[in-house]
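> Build the 3D model from these lines:
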Amino acid sequence: MSSKNIIKGYLPEERPPFGKLLLFALQQILVMFPATVAVALLTGFHVSTTIFASGFATLCFIFVTKGIIPLYYGSSFSYVAAIAGLTGAQYGVTAPDAIISQAQFGIIASGLVSIAAGLIVSRFGIEKIEKILPPAVTGSIAIVIGLSLSGTAVLYSSGSNANWTVALVTLLVTIIFSVYLKGVWSQLPILLGILVGYALSIPLGLVDFKAIVEGSFFQVPHFTLPKVSWPAVFAIMPIAIATIPESTAHLFQLDIYINNLAEKMGKPKRDIAGKLGSNLIGDGIGDIVSALFGGPAGTNYGENISTMAITKNFSVWVLGAAAVMTMLISFIRPLSAAVSSIPSPVINGACIYLFGVIAAQGIAIMINKKVDLFSAKNLAVIATILIIGLGGTFAFEDQMIPAFGAKLPPIATAAVFGILLNLALSFKKKEEVIE
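Model (predicted):
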């Protein structure tokens, strides 16, 4: 068999055969499902509605970006504190429809901010934006995003000896599969790792089958309409400004990995990073359509990007199929319950790997863009982003920084501080700049 016949991966426009497409899509669903559902539980939103909104927003994103950018839209943790402050949510307790409706209006406003940013980027070009969001900023933010999730992965892998056993087995077999499997199996390591972890969980008594078999077969997600609320706008809309660097970092990660694959396959490189404007507009559309149905604010998911990077499968068709399947799951209660029945140690055992890959991708951005780590300016920007983002995440019980009478989300605060510091340090005399 010649090297030309060896499957090395899928570029965005390439479509796998139908059977493989469904398997690849299921893998993408499994890695996004826990975080998306967790946001609904933390904010008081309806779980089935959140699942539906995730899939529909992803389809809208793919349509808006013309199928060029392979990203999956899921619920964003960056908005949790602001939304929960409005809904007064307690974990797992659904908020009243009237309050959810007010939060929906604030989320729509945040979507408009992302769209405005995307239009500005499209008008002035990526070169201008890189002055505001250089690789030292976007790479550092990607590192913070990955490492800030590390506590969640380890915490929800812990507990009993059975939990640790399942988590470690899931982690190790996922890594082994990703390194040693060949051909089509090499593109399914996360799915296979989760299946092995799930199978091990059954005899250890960690799987609750009761929720799968009880209740009705068909359910309609609980949809609510937005209601005008200016306090919700002021509480939620500013968060969008801070999530723009996160979305930018994700796009730069994709650009590096997709073009690396294209080069290995002997195919032309793609200007993925140059589509930042479309990406931000797509993000904004995602927020708006999600909020119209009663879903929380979202973002493109690092977990799905990590899965694509590990499997070298960047097919937009796979993400589109995942979106459609997710919407169907929201209507079929046993399917939703079956996915939800996957024990936390299984998912988070795999996430120890996935979240680490997100952080590693931040390092890859800085290496690829040749960031000068001997520059005092770059060191100052990188150092402050890392410490504010990670320190704020792990130093406080509610993972919010108490400052100036407010509660500041660590990643968003680190991003804004890093951007402003980079701009402030950019005003130098030419002779002081070391090339």
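> So residue 192 versus residue 276, what's the distance?
34 Å (Cβ to Cβ, to the nearest Å). Just so you know, the C-beta spots here come from the backbone N, C-alpha and C atoms, and that holds for glycine as well.
> Which one of the two is surrounded by more residues?
residue 276 (25 against 18; other Cβ atoms under 10 Å).
> Please report phi then psi for that one.
The phi and psi values for residue 276, taken as degrees, to the nearest 10, are phi -60, psi -40.
> residues in contact with it?
Listed by Cβ atoms under 8 Å, 6 or more residues apart in numbering, the contact set of residue 276 reads 118, 121, 126, 129, 248, 251.
> How about residue 382?
Residues near residue 382 by Cβ under 8 Å, 6+ apart: 136, 139, 140, 366, 373.
> If I look at it, what pLDDT would I see?
Note for residue 382: predicted pLDDT of 96.
> For the strand or helix carrying residue 106, which helices and strands make contact with it?
In this structure, residue 106 sits in helix 97-124 according to DSSP states H and E. If you count contacts as 3 or more Cβ pairs under 8 Å, 6 or more residues apart in numbering; DSSP states H and E, helix 97-124 packs onto helix 80-87, helix 230-236, helix 239-264, helix 276-293.
> Could I get those in a markdown table, plus columns for mean pLDDT?
Below are the helices and strands packed on helix 97-124 laid out as a markdown table (pLDDT from 0 to 100):
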| stretch | mean pLDDT |
| --- | --- |
| helix 80-87 | 74 |
| helix 230-236 | 82 |
| helix 239-264 | 83 |
| helix 276-293 | 93 |
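> Could you single out the most deeply buried of these?
Among the helices and strands packed on helix 97-124, helix 276-293 has the highest mean neighbour count (mean count of other Cβ atoms under 10 Å), at a mean of 25.
> Poorly predicted segments of the stretch 301-435 of the chain, please.
Residue ranges of the stretch 301-435 of the chain with pLDDT under 70: 428-435.
> Please state the offset of stretch 420-430 from the chain centre?
Centroid separation between stretch 420-430 and its chain, computed with Cα atoms, centre = their mean, to the nearest Å, is 31 Å.
> now swap in stretch 232-250 and tell me
Averaging C-alpha positions (Cα atoms, centre = their mean) puts stretch 232-250 14 Å from its chain's average.
> which intervals of the stretch 101-250 of the chain have sub-threshold pLDDT?
Checking the stretch 101-250 of the chain against pLDDT under 70 turns up 126, 183-184, 238, 241-242.
> Adding distance to residue 206, write the helices and strands packed on helix 97-124 out as a markdown table.
Shown next, in a markdown table, are the helices and strands packed on helix 97-124 (distance: least, Cβ to Cβ, whole Å):
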| stretch | distance to residue 206 |
| --- | --- |
| helix 80-87 | 26 |
| helix 230-236 | 36 |
| helix 239-264 | 32 |
| helix 276-293 | 32 |
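> Out of those helices, which gets nearest to residue 360?
Of all the helices and strands packed on helix 97-124, it is helix 239-264 that lies closest to residue 360, at 9.7 Å by Cβ to Cβ.
> Quick one: list the elements packing against that closest one.
In terms of contacts (3+ Cβ pairs under 8 Å, 6+ apart), helix 239-264 is packed against helix 97-124, helix 135-148, helix 276-293, strand 298-300, helix 302-311, helix 344-368, helix 410-425.
> Quick one: distance of that helix to the chain centre.
For helix 239-264, the distance to the chain centre is 11 Å (Cα atoms, centre = their mean).
> same deal with stretch 52-69?
14 Å.
> which element follows the helix holding residue 106 toward the C-terminus?
helix 126-132.
> Report the central residue of the protein.
Taking Cα atoms, centre = their mean as the criterion, residue 301 is the residue nearest the geometric centre of the chain, at 1.7 Å.
> Would you confirm that it contacts residue 35?
Yes - with contact defined as Cβ atoms under 8 Å, residue 301 and residue 35 form a contacting pair (7.2 Å).
> any shared contact partners between those two?
Common neighbours of residue 301 and residue 35 (Cβ under 8 Å, 6+ apart) are residue 74.
> about what we covered before: out of the contacts of residue 382, which are buried?
Among those, those buried by neighbour count (16 or more other Cβ atoms under 10 Å) are 136, 139, 140, 366.
> I'd say residue 166 and residue 201 touch.
Yes - contact criterion Cβ under 8 Å: residue 166 and residue 201 qualify, at 5.2 Å.
> Counting neighbours, go ahead and name the busier of these two.
Higher neighbour count among residue 166 and residue 201: residue 166, with 27 against 23, using other Cβ under 10 Å.
> as a whole number, average confidence for stretch 39-53?
Stretch 39-53 comes out at a mean pLDDT of 86.
> Now for the buried ones among the contacts of residue 382: which two are most distant?
Farthest-apart pair in the buried ones among the contacts of residue 382 is 140 and 366; separation 7.9 Å (Cβ to Cβ).
> Tell me who's in contact with residue 256.
Counting by Cβ under 8 Å, 6+ apart, residue 256 has contacts 361, 364, 365, 368.
> let's see 10 Å
Listed by Cβ atoms under 10 Å, 6 or more residues apart in numbering, the contact set of residue 256 reads 272, 273, 309, 361, 364, 365, 367, 368, 369.
> Which one, of the helices and strands packed on helix 239-264, ends up nearest to residue 61?
Between these, helix 276-293 lies closest to residue 61; by Cβ to Cβ that is 4.1 Å.
> Put the alpha carbons of that closest one into CSV.
The C-alpha coordinates for helix 276-293 follow below in CSV (Å, rounded to 0.1, in the frame of the first residue of the first chain):
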residue,chain,number,x,y,z
LEU,A,276,-11.0,35.7,12.7
GLY,A,277,-13.7,38.2,11.8
SER,A,278,-16.0,35.5,10.6
ASN,A,279,-15.2,33.4,13.6
LEU,A,280,-16.3,36.2,16.0
ILE,A,281,-19.4,37.0,14.0
GLY,A,282,-20.2,33.3,14.2
ASP,A,283,-19.7,33.3,17.9
GLY,A,284,-22.1,36.2,18.3
ILE,A,285,-24.7,34.5,16.2
GLY,A,286,-24.3,31.4,18.3
ASP,A,287,-24.9,33.4,21.5
ILE,A,288,-28.0,35.0,20.0
VAL,A,289,-29.7,31.8,18.6
SER,A,290,-28.9,30.0,21.8
ALA,A,291,-30.5,32.7,23.9
LEU,A,292,-33.5,32.9,21.7
PHE,A,293,-34.4,29.3,22.7
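> Cool, thanks, signing off.
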